[in-house]
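[1] Got a sequence here, can you model it:
(chains A, B and C)
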Amino acid sequence: MPIQRWLRGSAGRYAFPLMTVFMFYVLGDGMEVLEDNWLSATVLISSAGVLAIGPACAAAGAWEGARLARGGVGAGAEVRRPVAILGWSLLPVLGGAAVSLLAALVLGAFVMAGVPGFPDPLVLAAGMIVIVAWTLAGFSAGRFLHPVIGVPLLLVGTWLWLAYPVAIEPFWLRHLTGNNLGFCCETDSVFPGHALLAQAALAIALAVAAFLMWARGRTAWWAVVCVPVVAAGVAFPLVRDMGPEAQIPRTDGLVCAPWEGTEVCVWRERESRLADAARVAVPAARRLSAGAKVPMPGRVTEGPAGGGAWGFSAPPGADGGEIVFGLATNLLPAAPPACPGGWPGAGAYEPVSAWLALTAGAPRAVVSRRAGEENVRIAEAVLIRPPAGQVRWLRDNLAALSRCDVPWREVTSP
Amino acid sequence: MPISLQGCGFGYRRDSIVFTDLDLSFPEGRTVLLGPNGAGKSTLLGLAASLFRPDRGRVSCQGLDPARRRDRARYRALVGWMPQCVRPLPGLTVREQVGYAGWLKGMSRRAAWRGSLAALETVELGSLADRSCARLSGGQLRRLGLAQTLVHDAAVILLDEPTAGLDPNQRHRFDEIVTRAGEDRHVIVSTHQIDNVTETYDSVVLLDEGRVAYAGPLAGFTAATGDRGPESVEDAYRRHVAQEV
Amino acid sequence: MRLWLRAHRAARVSVVLVVTMALVVVVGDRTVPLPNLAGADPAGVPIALVLPLLAAAVLTHGVQAGLPDVEATAVRPAGAYLTGLVIATCAVSASAALGLTVAGVESHGFAAARNLAGFTGLALLGGAVWRHDAASVLPSAYLFAVALAGGDSWWAWPVDPSSAVSSLAAALTALAAGLATLPSPVRSRLSRR
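    Numbers count the residues shown, from 1 in each chain, chains lettered A, B, ... in the order given. Sure thing, here's the model as predicted:
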């Protein structure tokens, strides 16, 4: 069949511009607030693709499936195998989807210019599997549904499945759809592989069930029921315990260099900022170590802290004061304690932050902006006390921040 | 005179004109409507069935004009039409579908129900009356379409390529049914099958590129080619169409 | 008439209508996130405003079912019957939805009935001017386009609340335009496809 005629007859011809416009529309604002890492860009592009292209492809698939059914292709003694018929029928639709995704990647490349790295192939692959699966589901539905019903049903149904779980609980449901818009990824975190696996497993099961339904008709009802159920059984445990977001701490990808006896590490995307960050962070750590009477860390890192390493962050646009403030407040407990009857130490958080930041040498203006003027004044009142009193105040309040039975000590306390 | 068209002009779109100024009076009895693909046979039957309204001119049957509101129902009661594509109605049995067609043609529910069985017997589908329409074969669907046309006892029956896609045996049986149906009413059949024309039909209308190339008795159509059965019809067809070209 | 109702899938239309109403009552006020050009309201579209699209598709399919060619040459007023089916369905849903809205059970109830009327009108219109089997593409595309564009204008009727009078007028206009395309006693140029 001439290519022109093949393309002219396909629903992909109409779906392509619509899904492309919708996808760039979804990408819109997201591109402006991307983190300085390719994973966040890949998750955004993949999710925008899934959300915008998935429903359009499912609807186009329903149209194509109905077109073949009306033409009696399934009922005839066709020479080509079902997978070949299906492939040629859906190629324009999926080709359009691929071109849209590619265009989004090119746009992403412009936005991420200067950020080392590449799009994450696994995230992209999972997104594409989801799109293909819904296209196949639409195609299969088209065999049994008139397009007047099938097209809107698949369009709305797919959109609801991809978009609605974000608005409801349980949280694990949203991690099965393939739409991860806004769930991930700051530079210090990565997308959990098990969530990707769950999404891919469910999508593959959907694709297999849809193909069997289309190729074998109602005789394959057992597969249509069993395959997704089994896949759901595999996928559910993988995402059951996940929260609203899909990110876990990043452990690799650090670039380190010694600086005045201390090793300083930043994420490889920020390698160009390493010297500037070290020039600020190491002296700040030294001041903090002396003021708080804690050992000087062997390592100051953007990666996992603890065990002689202090954490800090040097994101693009952060000036020296903000880097110091981040380093200082990294000494605070990461999470508040779960106190049944209220947390008496909650009030210590901002004053202690201010004291740590001022001790580390952060400019007063930065500390005032981040911790509040009132808390800066409290910290300054502590700072005029003898060093031993300051350390006692700090330790007591650090205990208050991590325990439920210790109230925080205000500056008026001895 | 079953149906006549006077000065009819018709086009599906402005750039797709089928007839510009068609004058035709269908002969009485059994008439075969011949013509090359795209000549306008189905459109002509659509006009005659009052499916389409002519852009110009007038269609009439026994003095009734379907374009006039007061004539329309009586005109349609007179004319039965079997479209080229007969659709089965999912969920309905064969008899119910025929009864439904009769009801649409103005019969009461009871009369349509009674008439449906008679119509099915006429087209030899009586044994399948209770079968689902969706389970009929291509040939059976054609006969179902004919039964839909016969159920309301129309004075003129229009059949649009009723034997297309049927095997020779089925075609032969169909011709027998048409012959019987034509005994007490006018039958106009559009077809490309000309092997049986001499046995089944009394008259011929030949359309070519939206114009009437011949309209009259079969004998006149084959006059120049002798009496050699189907061969002479084929020769006459070629001669008339070639002359037009 | 019984056969006409069966030929036009009236039972299925009724079932889908009841299911849609039930879903509107149960989950109608939940919103599905959707990016919005206006940018101000990231809350999304209430499900109650989307569900009628499916009911409208089933109703449109019911209208298109039957024996179109035979009905177009029928003695009985088949076109009027189809108009009656659409109007009756919309009227029943509007009555039920008005009750839901007035009783405070579902604030989007009347908007859902309005959307059923508007979507059905657009589907009938789309089927007449483009192709019958693609009838529901027009309301689907319109819903998503309007949901993305946002705004409070009359043309954004699919995403407007129940109280918007101009939106009701726009949806009823769409319904009237769609009904005007239903098979006339003798087919016009528009419906010859």
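[2] For A:Gly178, which non-adjacent residue is closest in space?
    A:Val130 (3.4 Å; CB to CB, 6 or more residues apart in numbering or on different chains). All C-beta spots, glycine's among them, are computed from the backbone N, C-alpha and C.
[3] wait, B:Leu150
    Sequence neighbours aside, B:Ala119 is the residue nearest to B:Leu150 in space, at 4.5 Å (criterion: CB to CB, 6+ apart).
[4] host element of that neighbour?
    Using DSSP states H and E, the secondary-structure element containing B:Ala119 is helix B:109-122.
[5] That helix - what's its average pLDDT?
    On average, the pLDDT along helix B:109-122 is 90.
[6] hang on, the earlier thing: chain C versus the residue nearest to A:Gly178, what's the distance?
    As defined by CB to the nearest CB, to the nearest Å, A:Val130 lies at a distance of 17 Å from chain C.
[7] For the helix or strand harbouring that residue, list the C-alpha coordinates in CSV.
    Secondary structure assignment for A:Val130, by DSSP H and E: helix A:121-144. In CSV, the C-alpha atoms belonging to helix A:121-144 read as follows (Å, rounded to 0.1, in the frame of the first residue of the first chain):
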residue,chain,number,x,y,z
PRO,A,121,16.4,5.4,29.3
LEU,A,122,14.4,3.3,31.8
VAL,A,123,12.0,6.1,32.7
LEU,A,124,11.5,6.8,29.0
ALA,A,125,11.0,3.1,28.2
ALA,A,126,8.4,2.7,31.0
GLY,A,127,6.5,5.7,29.6
MET,A,128,6.6,4.3,26.1
ILE,A,129,5.4,0.9,27.3
VAL,A,130,2.4,2.6,29.0
ILE,A,131,1.6,4.5,25.9
VAL,A,132,1.8,1.4,23.7
ALA,A,133,-0.3,-0.6,26.2
TRP,A,134,-3.1,1.9,26.1
THR,A,135,-2.9,2.1,22.4
LEU,A,136,-3.3,-1.7,22.2
ALA,A,137,-6.1,-1.6,24.8
GLY,A,138,-7.9,0.9,22.5
PHE,A,139,-7.3,-1.2,19.5
SER,A,140,-8.6,-4.3,21.1
ALA,A,141,-11.7,-2.4,22.4
GLY,A,142,-12.3,-1.1,18.9
ARG,A,143,-12.9,-4.7,17.7
PHE,A,144,-16.0,-4.9,19.9
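[8] Need the contact partners of stretch C:131-141.
    Residues outside stretch C:131-141 that contact it (CB atoms under 8 Å, 6 or more residues apart in numbering or on different chains): A:14, A:18, A:59, A:63, A:66, A:146-149, A:151-152, A:155-156, C:53, C:56-57, C:60, C:64, C:118-120, C:122-127, C:130, C:193.
[9] Show the end-to-end separation of that stretch, please.
    End-to-end span of stretch C:131-141 (CA to CA, to the nearest Å): 15 Å.
[10] which sections of chain C are below the confidence cut-off?
    Across chain C, residues meeting the criterion (pLDDT under 70) sit at C:35-43, C:183-193.
[11] Kindly recompute the last result at 50.
    Counting by pLDDT under 50, chain C contains low-confidence ranges at C:40, C:185, C:188-193.
[12] With chain B instead?
    Counting by pLDDT under 50, chain B has low-confidence residues at B:245.
[13] How are the strands of it distributed by residue range?
    Remark: strands of chain B, listed N- to C-terminal, are B:4-13, B:16-25, B:30-34, B:56-60, B:79-82, B:156-160, B:186-190, B:203-208, B:211-217; assignment by DSSP state E.
[14] Per-residue pLDDT of the residue nearest to A:Gly178, please?
    Looking at A:Val130, its pLDDT is 96.
[15] any idea how far chain B is from it?
    Look at A:Val130 and chain B: by CB to the nearest CB, they are 34 Å apart.
[16] so how many other residues sit close to that residue?
    30 (other CB atoms under 10 Å in any protein chain shown).
[17] Would you mind confirming that it is in contact with A:Leu51?
    No. Using CB atoms under 8 Å, A:Val130 makes no contact with A:Leu51, being 9.9 Å away.
[18] Pull up the residues of chain B that are close to chain C.
    By the criterion of CB under 8 Å from any CB of the partner chain, the positions of chain B lying close to chain C are B:12-13, B:49-53, B:66-67, B:69, B:72-73, B:76-77, B:79, B:81, B:83, B:85, B:87, B:89, B:91-92, B:96-97, B:99-101, B:103-106, B:109, B:148.
[19] ChimeraX command to pick out the buried ones of these?
    The ChimeraX command for the buried members of the residues of chain B next to chain C (criterion: 16 or more other CB atoms under 10 Å in any protein chain shown) is given here:
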select /B:49,50,51,52,53,66,67,72,73,76,77,79,81,83,87,89,91,92,96,97,99,100,101,103,104,105,106,148
